[in-house]
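1. need a structure here:
(one chain, ligands or ions: 1)
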Amino acid sequence: MKPQSFDYFRAASVEEAISLLVQEGEDSKVLAGGQSLLPMMNFRLARPTALIDVAHIDALRGISMTPSDIRIGSMTRHLELENSTVSGPMGSLLRQSAGRVGHLPIRTRGTIGGSLAHSDPSSEWCMLATLMDAEVSIEGPRGLRKVAAHDFFVTYFTTAMEFDELLIAVEFPQLPGNYRVAVQEFARRAGDFAIVGIMTAFSVDDGVIADPRIAVGGVADRVLRLSEAESALVGKEPTEENFSKAATIAMGEVNPAGDLHGPPEFRRDLVKALTRRALAGASA
Ligand SMILES: Cc1cc2nc3c(=O)[nH]c(=O)nc-3n(C[C@H](O)[C@H](O)[C@H](O)COP(=O)(O)OP(=O)(O)OC[C@H]3O[C@@H](n4cnc5c(N)ncnc54)[C@H](O)[C@@H]3O)c2cc1C
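-> This is a model prediction of the structure:
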């Protein structure tokens, strides 16, 4: 299939991109890496009348750090994050997440901002943003606003952004060195979207678990935090037994639908197995 015809604009600045979105109206779309948008256009699942290409806006690229935060520009490509040298547990989570996105050619072009704006509930970046309570910066004709991840992702392929807003950056908190982190996924083939994905982060202070976080992708219309399993870990020793108990609770917290991959029980079993594996295998 070929896409419906469209006008193409290459924006040189954030301001120009926003004024083009306003000018071209609700049927226009931002083009970043094109790795989700172009397939959808080819299948005519998306029929934008105009594309606003933001790939050449330098202000949207790169990773910057403060002692408390890591800020990633929306046009930063998956591969740059996979190869990034950010230190500590957060650096490990960034590299593990990026390395699991599709195949190398996709990671070469696709961007973190495109993934977040696309809001696929199996996306690694949506999982990491939800896990870490990341803040998404959005700019439009009404100014700049910051939206917490749990308010940003609305449902399948829908975010809190308006049509005339541009995703500028995402900010993750820095994690101290006593945090352990892990990413676990199950997919039928290497490079496919995960059928279920689990991400976790928790600290171990004086031999007990604090601030446990578990996010799951692929079981609902957006990534979920497994709050009951998290609560069950607070103050517990990081033992196999405690991790198994939390994994069983995690399985009971999800209510996935059946699909061509299998019945709901299949995904629930994956949640249990991957949660246990992520908790037990987590490292700094
Ligand atoms: C075969 C295949 C396998 C894949 N596997 C995975 C996988 O395992 N995990 C995964 O997470 N992804 C996967 N992807 C998707 C890939 O990660 C894309 O790169 C990503 O979803 C979108 O990023 P992009 O930069 O290509 O965005 P685009 O395709 O350019 O845009 C996607 C959407 O976001 C909007 N958008 C983009 N940038 C902005 C912005 N700055 N502001 C506002 N709106 C914006 C666009 O208008 C569009 O609606 C796969 C893709 C393919 C083709």
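2. hey, where'd the helices end up in the stretch 101-250 of the chain?
-> 104-109, 112-118, 124-131, 149-152, 227-233, 240-253 (DSSP state H, counting those that start in this stretch).
3. Redo these as CSV? Include mean neighbour count, distance to the ligand and mean pLDDT.
-> Quick note: C-beta positions are derived from backbone N, CA and C, even for glycine. CSV is the format used below for the helices of the stretch 101-250 of the chain (neighbours: other Cβ atoms under 10 Å; distance: least, Cβ to the nearest ligand atom, whole Å; pLDDT from 0 to 100):
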stretch, mean neighbour count, distance to the ligand, mean pLDDT
helix 104-109, 16, 5, 97
helix 112-118, 26, 2, 98
helix 124-131, 27, 5, 98
helix 149-152, 18, 12, 98
helix 227-233, 18, 23, 98
helix 240-253, 18, 21, 98
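4. Give me the buried stretch members for stretch 158-169, please.
-> 159, 161, 164-169 (16 or more other Cβ atoms under 10 Å).
5. now, which of those residues lie within strands?
-> Among the buried residues of stretch 158-169, the members falling in strands (DSSP state E) are 159, 166-169.
6. The helices of the stretch 101-250 of the chain: which one's closest to Ala59?
-> With respect to Ala59, and counting by Cβ to Cβ, the nearest of the helices of the stretch 101-250 of the chain is helix 112-118 at 12.1 Å.
7. Which neighbouring elements make contact with the closest one?
-> Helix 112-118 sits against helix 78-82, helix 124-131, strand 166-173, with contacts defined as 3 or more Cβ pairs under 8 Å, 6 or more residues apart in numbering; DSSP states H and E.
8. okay, it in PDB with CA atoms only?
-> Output in PDB follows, covering the C-alpha atoms of helix 112-118 (Å, rounded to 0.1, in the frame of the first residue of the first chain):
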ATOM      1  CA  ILE A 112      12.100   8.200  22.300                       C
ATOM      2  CA  GLY A 113       9.700  11.100  21.800                       C
ATOM      3  CA  GLY A 114       8.000   9.300  18.900                       C
ATOM      4  CA  SER A 115       7.500   6.200  21.100                       C
ATOM      5  CA  LEU A 116       6.000   8.200  23.900                       C
ATOM      6  CA  ALA A 117       3.700  10.200  21.600                       C
ATOM      7  CA  HIS A 118       2.700   6.900  19.900                       C
END
